[in-house]
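Asks: Give me the fold of what follows.
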Amino acid sequence: MTETTDLTEIKAAARKEAFARRKAAFDARMPGAAGRLSEVLAGHRGVPMSGYMPIRTEIDPLPAMAEASAYGPVGVPVIQGAGQALKFSRWTPEGALKDGPFGARVPEVDDYFDPEILIVPLVAFDAQGGRLGYGGGFYDRTLDGLRAKRPTLAIGFAFDAQEAEGLPLEPTDQPLDMVITESRVLTFSA
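Replies: All right, here's what the predicted structure looks like:
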């Protein structure tokens, strides 16, 4: 067995466990889960940012995104294709949406810009800012490209239950600067 196959299997098992924890947290969620996210974003008013349209059992950032949109541009990711970086299209709470890849809604009209803050969905995170995503590498590629141009803040948004130890990470995995959950804010040093 090759090392790549081992890591692929280890990541698949870690994702399966994390999805189960996330679903349980989603099912037990209370209103106001985006409150801490709103508090943090208030300190960055007007800075171009991107959130995401929640799918399946992801924690919902839309209330915080709606608040932030009153002060500056807010976008959502638009998948361009396998192996490519994401683009971010301007979003407003009342804007028309259409179905995008993987079930996430995207703005009906493309209005792309480069955000300086990304609210990043995830499957699991660790206490050092490591992130386990869905396996497509979209956010890793995107953050690598954006960070090569200028400082870009990556904020993981998750339920407390998504924290894990010993995540199977690779050198190409982009670290998070913060993780915000329904109950706390974790900040990581570079």
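Asks: what does stretch 99-113 rub up against?
Replies: Residues from elsewhere that reach stretch 99-113, judged by Cβ atoms under 8 Å, 6 or more residues apart in numbering: 48, 52-53, 55-56, 73, 75-79, 87-91, 95-98. Yep, even glycine has a C-beta here, placed from its N, CA and C like the rest.
Asks: Just the buried subset of these, please.
Replies: 48, 52-53, 73, 75-79, 87-91 (16 or more other Cβ atoms under 10 Å).
Asks: close enough to count as contact, Ile59 and Lys23?
Replies: No - applying Cβ atoms under 8 Å as the test, Ile59 and Lys23 come out as separate, 11.7 Å apart.
Asks: more neighbours, those two?
Replies: Shown here are Ile59 and Lys23; by other Cβ atoms under 10 Å, Ile59 has more neighbours (23 against 14).
Asks: Any idea what the residue nearest the centre of the chain is bridged to?
Replies: Residue closest to the mean C-alpha point of the chain, counted by Cα atoms, centre = their mean, is Val120 at 1.3 Å. Bridge pairing for Val120 (DSSP bridges) gives the partners Gly156.
Asks: my guess is it meets Gly156, correct?
Replies: Yes - using Cβ under 8 Å, Val120 is in contact with Gly156, at 5.1 Å.
Asks: Need the overlap of contacts for those two.
Replies: Contact criterion Cβ under 8 Å, 6+ apart; residues shared by Val120 and Gly156: 131, 176.
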